[in-house]
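**Q** Fold the following for me, if possible:
(2 chains)
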Number of protein chains: 2
Amino acid sequence: MPGIYDCITIGAGPAGMAASIFMARAGLKVLMIGDIEKTGLIKAQEVGNFLGSDGVSGPDLLDRGVEQVKKYGAEHLVAEVVHAEEKGGSFTVKLADARKFQSKALIIATGLTAKSSGAKNEDKLMGRGVHTCVACDGPFYKNKRVFVIGHSSFAAEEALELTGLTDDITIVSNGKEFSIAPELKTMLDQREIKYDKRRAVEFVGDKRLEKVKFSDNSEEKPDGVFLALGTATALAFSQKLGLEMDGQSIKIDRDGKTNVDGVFAAGGCTGGNYQISKSVGEGCNAGISVIKKIKGLTNYQDLT
Amino acid sequence: MPGIYDCITIGAGPAGMAASIFMARAGLKVLMIGDIEKTGLIKAQEVGNFLGSDGVSGPDLLDRGVEQVKKYGAEHLVAEVVHAEEKGGSFTVKLADARKFQSKALIIATGLTAKSSGAKNEDKLMGRGVHTCVACDGPFYKNKRVFVIGHSSFAAEEALELTGLTDDITIVSNGKEFSIAPELKTMLDQREIKYDKRRAVEFVGDKRLEKVKFSDNSEEKPDGVFLALGTATALAFSQKLGLEMDGQSIKIDRDGKTNVDGVFAAGGCTGGNYQISKSVGEGCNAGISVIKKIKGLTNYQDLT
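**A** Purely as a prediction, here's the structure:
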C-alpha cells in the first residue's frame, strides 16, 4: 500500500473532478478513482448549459477535466472501487483487483445511485424480495436461494458478501458480458457461486417476489434478488460507512459534509438536480471542506 | 414598460449567468441585468479551479458567459438595479435611469454583499453609528445629519430614501468620481443633497460614532453613516423584498428558494464559498426552480 492520501475521491465525473482540482491546487495529496467511461456525462453529445463550455461534448469535457485534475497534481486511477471502510479515523478503499489505498478523508462522488434492472415490477416489489443492499437486507436470506443482478466487479463483491449467509448464490449478468476482476473471479469460483447470463424482464409477485421471468421466457424462483448494477453506488458506500441517507441519496450539508466525520459527498449521489453545474458546485464545496479539515483552516479561499 | 418577463436575474456574474442560461434554454422569457465589469470575477487574471475552463481569464470567461446567455435567448441589459419590489405576486425592478421592468420571478445574484469603506473601526462601530441599510436603520436618524458613503446610483437611491427623514444628507464618494444616473442626479439636486469627494480613513468613537476622519486629515461629525458602496447588495434587496437573512447573506434552501415566494438567490450573496463553481451550481438550482415554478413542472431536467 502506498503512503496515506489526504483524500481519496471515489468517482471521476464533474463532482469528483471539481473536488479533486480544488484539493490538488491547495497542495493536498489526492487520489481520484474512477473511469470517465462510466460517468453519466460520457453520453452527452453536446453540453449547452454549463457556463464557459458551450457546445463541448461530454467526452471532451471529461477529457479536459482529467487533464486539469492531473495538471494540478492529483493522481487519477481508472479503476473500480468495490469497498470502503473507516477504522481509527482513516479510510481504506478497496479496488476490484484487491489493491487497497488509505486516506484521511473520503469524497463520495459516484453519481446517480441505484441503476434499474429494467425488469417489470422492480419498484413494486422493492423491499419485498427485490433489494439493493446486501449489507442491509442480506441477513433475511440465510440459507436461501439468492440472485445478484449485475455483471461487474461490484456485483461480484456483493455476491461474496452473501457467502457467509447462504451457499446458493447466482450472479445474473442481465444479458451483459461479465466484467469481473480476476481476483474476485477466483474467489467466486472457490465459493461455487453460479453464473447466469439471462436478462430479467419481469419480477412476478403480488405481495412479494415469487419468480423472475427472463427474456427467453424461462423462469426461476429465487427467494430474493439483489440489484448490483453498474459500479458501487452511494447506497453501497452508505452502508459500508454508516452514512445517513435521504431515500437513495447521501445526506449532505451545504459544505458537502455527511454525518460521518471525514466523509464528504457531491454530485448525483446526493440527490437534487442532476446537472454538471450543480455537481461542480458541490464538488467545490466538498473539496474546500476537506482542505479546511486537513489544513485546520476555517476561512480557506482559493481565489484564482 | 415592456411585457412581463418570466424572470429577471439581478447580477451578471457566474451565478446570474448560469441561472439565465438554464431558464432561457427552457424557453422562458428572461432578462439578466448587470454589468460584468462590476462582478468579482472581472479581476481574475487566470481561472484554474473551474472545470473545463482551465487557464481562462476572468474577463474572457465572463464574455463567453454573456455570449452563451444571449445565444440561448435571454436578454442582457448592462445597467444598475437600484430598487425591487413585490406587488400582487409580480415583481418590479427599477434601474438607476428610472426604467422599470416586471417579472413573475426574481433571482438575486448580486455577488458578495456589503463592500467595506476601508475606514478604520468600521466593524467596531457597525450598528453604532455606522450602518449598511437605510430601510432598517434610517428611522434612527430623523432630523439628524447623515452621510451616505458611496459613489454610484445605488448610493444615490439610498440617499433619496433618507429624504423623508431628514434634510441634512451628504453623499461621500470616498475618493472616487461620482457615477450617478442623470435621473437620480436631478432628484438629488432637487432635494438639496450635498456631495463630498473626500475619502474616509477612520470612524472615531468608543461606544458609538463620534466623528469621521478623512485622508486629508479633515474631520466631520455626522450623527450616522450609511455604507452604500458598489451596486445594490443582497442586504438592500432583502429589505426591499422581505427576505430572510443569515448575517449579510440571503438564506436559501437547496433549490435556491428564499422565504419569499417567487424570489430565488444564488452565488456570493447567499454566503458560503465564494467560488465560480459554487455560484454556477447555485445558479443552476435557482434557474431550475424558476422553470419548475413557471411551467408547473415538478421533475424538470435539462439533460443536455
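**Q** Point me to the residue of chain A nearest chain B.
**A** residue A:281 (1.7 Å; C-beta to the nearest C-beta). C-beta coordinates here come from the backbone N, C-alpha and C atoms, glycine included.
**Q** before we move on, which element is that residue in?
**A** Secondary structure assignment for residue A:281, by DSSP states H and E: helix A:276-295.
**Q** Can you list the buried residues in that helix?
**A** A:276-291, A:293-294 (16 or more other C-beta atoms under 10 Å in any protein chain shown).
**Q** Equivalent analysis for stretch A:154-164, please.
**A** Buried residues in stretch A:154-164, counted by 16+ other C-beta under 10 Å: A:154, A:155, A:156, A:157, A:158, A:159, A:160, A:161, A:162.
**Q** since we're on residue A:205, how many residues are nearby?
**A** Neighbourhood size, residue A:205 [other C-beta atoms under 10 Å in any protein chain shown]: 16.
**Q** Apart from its chain neighbours, what residue comes closest to it?
**A** residue A:125 (5.5 Å; C-beta to C-beta, 6 or more residues apart in numbering or on different chains).
**Q** Packing partners of the helix or strand encompassing residue A:17?
**A** Using DSSP H and E, the secondary-structure element containing residue A:17 is helix A:14-25. Packing partners of helix A:14-25 (3 or more C-beta pairs under 8 Å, 6 or more residues apart in numbering or on different chains; DSSP states H and E): strand A:5-10, strand A:30-33, helix A:58-71, helix A:276-295.
**Q** Try it again at 10 Å.
**A** strand A:5-10, strand A:30-33, helix A:58-71, strand A:75-77, strand A:100-108, strand A:263-265, helix A:276-295, helix B:276-295 (3 or more C-beta pairs under 10 Å, 6 or more residues apart in numbering or on different chains; DSSP states H and E).
**Q** Any chance of a markdown table for these, columns distance to residue B:92 and mean pLDDT?
**A** Putting these into a markdown table (distance: least, C-beta to C-beta, whole Å; pLDDT from 0 to 100) gives the following:
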| stretch | distance to residue B:92 | mean pLDDT |
| --- | --- | --- |
| strand A:5-10 | 46 | 98 |
| strand A:30-33 | 48 | 98 |
| helix A:58-71 | 39 | 97 |
| strand A:75-77 | 51 | 98 |
| strand A:100-108 | 44 | 97 |
| strand A:263-265 | 41 | 97 |
| helix A:276-295 | 29 | 94 |
| helix B:276-295 | 17 | 94 |
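**Q** Residue A:159 contacts residue A:173, doesn't it?
**A** No - in terms of C-beta atoms under 10 Å, residue A:159 does not count as a neighbour of residue A:173; the distance is 11.7 Å.
**Q** Quickly list what's touching both of those two.
**A** A:148, A:150, A:180, A:195 (C-beta atoms under 10 Å, 6 or more residues apart in numbering or on different chains).
**Q** ok, now how distant is the second one from residue B:258?
**A** Meaning residue A:150. 43 Å (C-beta to C-beta, to the nearest Å).
**Q** Quick check: the residue nearest to residue A:205 touching residue A:200?
**A** No - here residue A:125 does not reach residue A:200: they are 11.7 Å apart, not a contact under C-beta under 10 Å.
**Q** which residues do those two both contact?
**A** Shared contacts of residue A:125 and residue A:200, counting by C-beta under 10 Å, 6+ apart, come down to A:119, A:225.
**Q** Looking at the two, which has the bigger crowd around it?
**A** Neighbour totals were compared for residue A:125 and residue A:200, and residue A:200 leads with 24 against 21 (other C-beta under 10 Å).
**Q** Might one say that that one is in contact with residue A:120?
**A** Yes - counting by C-beta under 10 Å, residue A:120 is a contact partner of residue A:200 at 9.0 Å.
**Q** Mutual contacts of the two, please.
**A** By C-beta under 10 Å, 6+ apart, the residues touching both residue A:200 and residue A:120 are residue A:213.
**Q** tell me, how many neighbours does residue A:143 end up with?
**A** Neighbour tally, residue A:143, other C-beta under 10 Å: 9.
**Q** and if you look at residue A:220?
**A** 16.
**Q** so the closest residue to it other than its chain neighbours bridges to which residues?
**A** Nearest residue to residue A:220 in three dimensions, chain neighbours excluded: residue A:212, at 5.1 Å (C-beta to C-beta, 6+ apart). With DSSP bridges as the criterion, residue A:212 is bridged to residue A:203, residue A:220.
**Q** Now do the same contact list for residue A:212.
**A** A:117, A:119, A:129-130, A:147, A:149, A:172, A:198, A:200-205, A:218-222, A:225.
**Q** go again using 7 Å as the cut-off
**A** A:147, A:200, A:203, A:219, A:220, A:222, A:225 (C-beta atoms under 7 Å, 6 or more residues apart in numbering or on different chains).
**Q** Narrow those residues to just the buried residues.
**A** Of the contacts of residue A:212, these count as buried by 16+ other C-beta under 10 Å: A:147, A:200, A:203, A:220, A:222, A:225.
**Q** hey, what's the last one bridged with?
**A** By that I understand residue A:225. Beta-bridge partners of residue A:225, as defined by DSSP bridges: residue A:130, residue A:147.
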